[in-house]
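Colleague: predicted structure and sequence below. I'll ask about it afterward.
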Amino acid sequence: SYAPAPPAYAPVPPYPAPAPAPVGPEFLAVDKRNAVVVDASGVVFELSGHTLEFRWPEIHGVHYKASPDGKALMVAVVHMDGRFFECVVEAKPRARLQEWFPQLAWVLGHYRPAG
């Protein structure tokens, strides 16, 4: 018996090929104007319709704290070149802030282990 001849051309995948979804934990904090996303690719700030993306290799550090009035999450990214970017996301209800802290700490620890 003989095998059928292989097709002359392999099927061409559609371009551009979709990027695989990041695998791993994600953190998301959103309010009416702003958002913070932390995932396998890095940190993204949405600031009143503008997007700032920071990839892990260009991030020197990520810091976060409650705003002075305790109503918002303040997240800062320190770029490798020393520039500093901040995003503030209101926590409504205020109790959500206490949910965000352990989630954010865990996700940052996953991608940026201390030491």
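Modeller: Received it, and whenever you're ready, just let me know what you need.

Colleague: those strands in this structure, which residues are they?
Modeller: In the chain, the segments counted as strands under DSSP state E are 27-30, 34-39, 42-47, 50-55, 59-66, 72-79, 84-90.

Colleague: adding mean pLDDT, write the ones you listed out as JSON lines.
Modeller: As requested, the strands of the chain are exported to JSON lines (pLDDT from 0 to 100):
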{"stretch": "strand 27-30", "mean pLDDT": "97"}
{"stretch": "strand 34-39", "mean pLDDT": "98"}
{"stretch": "strand 42-47", "mean pLDDT": "97"}
{"stretch": "strand 50-55", "mean pLDDT": "97"}
{"stretch": "strand 59-66", "mean pLDDT": "96"}
{"stretch": "strand 72-79", "mean pLDDT": "97"}
{"stretch": "strand 84-90", "mean pLDDT": "97"}
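
Colleague: deepest of those strands, which one?
Modeller: Greatest average neighbour count among those goes to strand 34-39 (a mean of 21), per mean count of other C-beta atoms under 10 Å. C-beta coordinates here come from the backbone N, C-alpha and C atoms, glycine included.

Colleague: for that one, which helices and strands make contact with it?
Modeller: Judged by 3 or more C-beta pairs under 8 Å, 6 or more residues apart in numbering; DSSP states H and E, the packing partners of strand 34-39 are strand 27-30, strand 42-47, strand 84-90, helix 96-111.

Colleague: doesn't residue 87 make contact with residue 67?
Modeller: No: checked against C-beta atoms under 8 Å, the pair residue 67 and residue 87 is beyond contact range at 11.5 Å.

Colleague: ok so, going back, who wins for proximity to residue 102 among the strands of the chain?
Modeller: The stretch from the strands of the chain with the least distance to residue 102 (C-beta to C-beta) is strand 27-30; that distance is 10.3 Å.

Colleague: quick one on the thing from earlier: for the strands of the chain, which one sits closest to residue 106?
Modeller: strand 27-30 (8.1 Å).
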